[in-house]
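Asks: Quick one, fold the following:
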Amino acid sequence: MLLLPYAIKFSFYVCFQAIAVYFNLYYLIPRFLEKSRFTLYITYLLITVLCTASLIVTGYYLGAFISGKSFEAIYGPGTYCLYYFYSNALPSTLASTTLAMSIKLTKNWIQTKRRQQLLEKEKLETELNFLKDQFNPHFLFNTINSIFFLIHKNPDKASVSLAKFSELLRYQLYECNDRQIPLINELLYLENAVELQKLRLDNHIKVNFQVSQAHTAQLGIAPFILMTLMENAFKHVSKHPDQPNWITITLHIHQDQLDFYVGNSTSYDTFTPMTPYKGIGLKNVQRRLDLLYPEKYELEVECQQNSYEVKLRLQLSELVDTQIKQPQPEIIYK
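Replies: Next comes the predicted model:
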């Protein structure tokens with residue numbers, strides 16, 4: 001019979017504090033705190049804590065009433081009054097409510113951070129896919145125009161260009177869907193693209209394409225990063241009848257550092273410093289570099305009266321799976 005008052009008191013603590021905790025977590029917080037109604041939330045929370053403490057205090061009196069004993073007989077000598085019981089019930093209720101609220105808010109914060117990270121990752125993937133999809137039609141449009149030009153000028157060259165064009169399409173469709181591809185594949189693609197571009201050029205435009213090191217099997221690169229810079233050179237090269245017209249493309253690899261240079265002669269009458277920026281090409285490359293290689297690249301653009309030069313320095317990383325899907329032919333750089 002002596003344990004009955006303690007059992008009643010304990011049950012009042014557990015039941016009413018649990019009700020207060022759930023009422024705070026699933027009603028007050030979503031309805032007021034999460035909607036930034038802080039004054040109302042604090043007011044209702046204090047009322048909830050006070051009411052809960054009052055209900056718990058009744059457990060002391062109910063236990064003494066049912067057992068038929070005085071507080072001194074149950075709890076020992078002391079001064080037992082309403083203030084004494086509140087001094088126990090109120091801090092305990094406030095502590096349990098605060099602890100549960102802290103756990104809940106911490107859990108919500110962690111879930112929110114994870115959701116934000118997932119959304120940022122999805123946004124990044126979406127933006128990268130959009131930028132890559134934006135490039136492909138840009139390249140295809142220019143290439144189809146070149147082949148159309150060759151059909152009327154030189155059908156034999158047009159046939160060769162169609163064969164190379166099919167190889168480029170195969171590369172785009174099947175070999176460059178990952179965020180990183182083997183660098184050797186990108187170089188092969190770049191060489192084919194240069195040869196395709198050369199088919200439509202006049203003989204008085206000199207093209208110099210050099211790669212200082214071809215042993216790149218362990219390194220990876222984002223697809224189409226180098227391609228756009230090369231394409232701009234062919235797009236804006238000068239066509240002087242009595243002056244040198246040239247395009248120079250060099251690529252040097254030292255360990256994991258790639259140095260890529262593209263330069264071309266320009267016509268001052270038709271070329272302005274803003275010309276290369278009118279299309280999506282260079283802006284596309286800069287945006288993709290910002291997303292894929294933050295603080296790991298340097299891009300310099302130098303525009304002069306008779307030349308336009310782009311220098312890219314890029315820190316590459318090794319591929320997790322460096323195996324090339326298909327055997328690659330030997331690259332012959334000209």
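Asks: what kind of secondary structure is residue 312 in?
Replies: Secondary structure, DSSP: H, G, I helix; E, B strand; the rest coil: residue 312 is strand.
Asks: swap that for residue 77, sorry
Replies: Criterion first, three-state DSSP; result for residue 77: coil.
Asks: How much space separates residue 159 from residue 191?
Replies: Remark: distance between residue 159 and residue 191 (CB to CB, to the nearest Å) = 19 Å. Where C-beta positions appear, they are placed from N, C-alpha and C, glycine not excepted.
Asks: For these two, indicate the residue with more neighbours.
Replies: A side-by-side neighbour count of residue 159 and residue 191, using other CB atoms under 10 Å, places residue 191 first with 18 against 12.
Asks: Quick check, that one in contact with residue 198.
Replies: No: look at residue 191 against residue 198 with CB atoms under 8 Å: they stay out of range, at 10.6 Å.
Asks: Mind pulling up the pLDDT for residue 101?
Replies: Looking at residue 101, its pLDDT is 90.
Asks: so when I look at it, I'm seeing a helix, right?
Replies: Yes: Residue 101 forms part of a helix when assessed by three-state DSSP.
Asks: From residue 59, how far off is the residue lying closest to it once chain neighbours are set aside?
Replies: Closest residue to residue 101 apart from its sequence neighbours, by CB to CB, 6 or more residues apart in numbering: residue 24 at 6.1 Å. Applying CB to CB, the value for residue 24 to residue 59 is 20 Å.
Asks: Ok, residue 75 next?
Replies: Taking CB to CB, one finds residue 75 at 13 Å from residue 59.
Asks: Residue 161 too?
Replies: 91 Å.
Asks: And for residue 162?
Replies: In terms of CB to CB, residue 162 sits 90 Å off from residue 59.
Asks: The two: who's more crowded?
Replies: Taking neighbours as other CB under 10 Å, residue 162 and residue 59 compare with residue 59 leading, 21 against 13.
Asks: Show the contacting residues for the more buried one.
Replies: 8-9, 11-13 (CB atoms under 8 Å, 6 or more residues apart in numbering).
Asks: now with 10 Å?
Replies: Residue 59 is in contact with 5, 7-13, 15-16, 85, 89, counting by CB atoms under 10 Å, 6 or more residues apart in numbering.
Asks: Just the buried subset of these, written out for PyMOL, thanks.
Replies: Only the buried entries of the contacts of residue 59 go into this PyMOL selection, using 16 or more other CB atoms under 10 Å:
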select buried, resi 5+8+9+12+13+16+85+89
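Asks: Tell me which of the contacts of residue 59 fall in helices.
Replies: Using DSSP state H, the members of those that fall in helices are 5, 7-13, 15-16, 85, 89.
Asks: What segments of the stretch 151-300 of the chain are strands?
Replies: 181-182, 205-211, 219-221, 245-254, 257-265, 297-303 (DSSP state E, counting those that start in this stretch).
Asks: Just send those back as JSON lines, with distance to residue 79 and mean pLDDT too.
Replies: Formatted as JSON lines, the strands of the stretch 151-300 of the chain follow (distance: least, CB to CB, whole Å; pLDDT from 0 to 100):
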{"stretch": "strand 181-182", "distance to residue 79": "82", "mean pLDDT": "83"}
{"stretch": "strand 205-211", "distance to residue 79": "93", "mean pLDDT": "90"}
{"stretch": "strand 219-221", "distance to residue 79": "78", "mean pLDDT": "87"}
{"stretch": "strand 245-254", "distance to residue 79": "85", "mean pLDDT": "92"}
{"stretch": "strand 257-265", "distance to residue 79": "81", "mean pLDDT": "93"}
{"stretch": "strand 297-303", "distance to residue 79": "77", "mean pLDDT": "91"}
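Asks: quick one: which of those strands is nearest residue 34?
Replies: For those, the distance to residue 34 is smallest for strand 297-303, at 41.7 Å, taking CB to CB.
Asks: Can you check what pLDDT the model gives residue 14?
Replies: 92.
Asks: now the strands of the stretch 151-300 of the chain in TSV, with distance to residue 143 and mean neighbour count?
Replies: Output for the strands of the stretch 151-300 of the chain, formatted as TSV (distance: least, CB to CB, whole Å; neighbours: other CB atoms under 10 Å):
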stretch	distance to residue 143	mean neighbour count
strand 181-182	20	22
strand 205-211	16	16
strand 219-221	21	22
strand 245-254	17	18
strand 257-265	18	20
strand 297-303	24	14
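Asks: Of all those strands, which one comes closest to residue 94?
Replies: strand 297-303 (55.2 Å).
Asks: Low-confidence regions, the stretch 201-334 of the chain specifically.
Replies: 202, 213-217, 268-281, 320-334 (pLDDT under 70).
Asks: tell me which residues of stretch 158-171 are tucked away?
Replies: In terms of neighbour count (16+ other CB under 10 Å), stretch 158-171 has its buried residues at 158, 161, 164-165, 168, 171.
Asks: likewise stretch 68-82?
Replies: Neighbour-count burial for stretch 68-82, counted by 16+ other CB under 10 Å, picks out 69, 71, 74-75, 80.
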